[in-house]
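Colleague: Need coordinates for the below:
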Amino acid sequence: MIRVGIVGVGKIARDQHIPAIAADPGLELVAVASRSRPDVGVPAFETLEEMLQSGIELDAVALCTPPQVRRETALTALRAGKHVFLEKPPGATVGEVGDLSALAAEQGVTLFASWHSRFAAGVPAAKAWLAARTIRSVDIQWREDVRRWHPGQTWIWEAGGLGVFDPGINALSILTEIMPREVFVTDARLQVPENVQSPVAAHLAMTDIEGVRITADFDFLQTGPQTWDITVVADEGTLRLSSGGAIIEIDGQPVVQAAEAEYPGLYGRFGELIQAGKSEADVRPLALVADAFLVGTRELVEAFIE
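Modeller: Reported below is the predicted structural model:
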């Protein structure tokens, strides 16, 4: 049994992490740490340090804090000899994730940089289908309502909070998983509201070494139905991943349709890595976001984001 503590009990922890841990027979939630000391049926502390000093037997820590403070929290957990599960994005910068990976190796513990959208039901099938075909183009449409998914969370607009790339990085995690070759950013247009440091919308142009045309449109002010679609045109048909990767259609015909099961898959993978004594910290999606900021044209826009 792997005994897990959660740090940062917000919407994602309540909606996904706690239920996924409860459903896994190999895991047990034994404590949480959050400033509000939430009542979730296990001992609650204000900080990770208090949790570690409490005497509760703990094997692993899942970090659901904003990315800006995740590095220091992860360092504390790793130095205490705990396995660490990083909610996406794994950090505020690419370099800090590399430092955490090195420390995990030194400590002999597992570091898992989780990308939940890669565990959507349709992603493995899409990867297999594309591996045998010539890809002509990729179009990503990822649009959601920040007021629905991040109510009152001001950290997302601060430096390192990523803004619209917080959901957009999910699409990039799928893209880097299903493409047979590495992709890179060639152009970016970022729409940044006044008085914040992160974009509310973005358009990316990308390609790979074969010159495949890849475009991505991200919008954080979508109302009504939410849009999480990736369309790939290949030499032998068109593949469409929708509902964040849960549904595949090829030439309009459904191939995979499944209910959401991403976080149970993530925790299953975390347990496998711990048992195998390995780490997994892919930073390619975060690197694409960093490159978008590097080459992006910044356009100030008026936007209602509260």
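
Colleague: all contacts plus neighbour counts: C-alpha atoms, from now on.
Modeller: OK.

Colleague: per-residue pLDDT, Asp39?
Modeller: At Asp39, the predicted lDDT confidence score is 87.

Colleague: What is the burial count for it?
Modeller: Number of residues near Asp39 (other CA atoms under 10 Å) recorded here: 10.

Colleague: Does it lie in a helix or a strand, and which?
Modeller: Assessed by DSSP states H and E, Asp39 sits outside every helix and strand.

Colleague: any idea how far it lies from Pro180?
Modeller: As for Asp39, its distance to Pro180 is 45 Å (criterion: CA to CA, to the nearest Å).

Colleague: can you check Val32 too?
Modeller: In terms of CA to CA, Val32 sits 39 Å off from Pro180.

Colleague: Three-state assignment for Ala128, please.
Modeller: Following DSSP: H, G, I helix; E, B strand; the rest coil, we place Ala128 in the helix state.

Colleague: So what's the residue count around it?
Modeller: By other CA under 10 Å, 13 other residues sit near Ala128.

Colleague: Then the one 4 residues further on?
Modeller: A total of 11 residues lie near Ala132 under the criterion other CA under 10 Å.

Colleague: Please read off the pLDDT at it from the model.
Modeller: 90.

Colleague: Would you report the backbone torsion angles of it?
Modeller: Torsion angles at Ala132 (phi, psi; degrees, to the nearest 10) stand at phi -100, psi 10.

Colleague: Please report how far it lies from Arg213.
Modeller: From Ala132 across to Arg213, the span is 18 Å (CA to CA).

Colleague: picking that back up, more crowded one of Val32 and Pro180?
Modeller: Taking other CA under 10 Å, Val32 and Pro180 do not tie; Val32 has more neighbours (26 against 17).

Colleague: Please, which helix or strand holds that one?
Modeller: Val32 belongs to strand 27-33 when assigned by DSSP H and E.

Colleague: Could I get the CA-only coordinates of that strand as CSV?
Modeller: Taking Å, rounded to 0.1, in the frame of the first residue of the first chain, the C-alpha atoms of strand 27-33 are listed here in CSV:
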residue,chain,number,x,y,z
LEU,A,27,-3.1,3.7,-2.6
GLU,A,28,-4.3,5.3,0.6
LEU,A,29,-4.9,9.0,1.3
VAL,A,30,-3.5,9.6,4.8
ALA,A,31,-3.2,13.4,5.1
VAL,A,32,-3.7,16.7,3.3
ALA,A,33,-2.0,20.1,3.6
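
Colleague: Three-state assignment for the closest residue to Trp155 other than its chain neighbours, please.
Modeller: Excluding the flanking residues, the one nearest Trp155 by CA to CA, 6 or more residues apart in numbering is Gly161, at 5.8 Å. Look at Gly161: counting by three-state DSSP, its state is coil.

Colleague: backbone phi and psi for Gly161, please?
Modeller: The phi/psi pair for Gly161 (degrees, to the nearest 10) reads phi -80, psi -20.

Colleague: That one against Pro167, yeah?
Modeller: No. Counting by CA atoms under 8 Å, Gly161 sits too far from Pro167 to count as a contact (11.0 Å).

Colleague: quick one: pLDDT of Ala171?
Modeller: 98.

Colleague: Out of the helices and strands in the protein, which is least certain?
Modeller: Least confident element among the helices and strands of the chain, by mean pLDDT, DSSP states H and E: strand 296-301 (a mean of 76).

Colleague: Run through the neighbouring helices and strands of that strand.
Modeller: Judged by 3 or more CA pairs under 8 Å, 6 or more residues apart in numbering; DSSP states H and E, strand 296-301 is in contact with strand 183-193.

Colleague: Could you give the average pLDDT over the strand it packs on?
Modeller: Per-residue pLDDT over strand 183-193 has a mean of 94.

Colleague: If anything else comes up later, I'll come back, but that's it for now.
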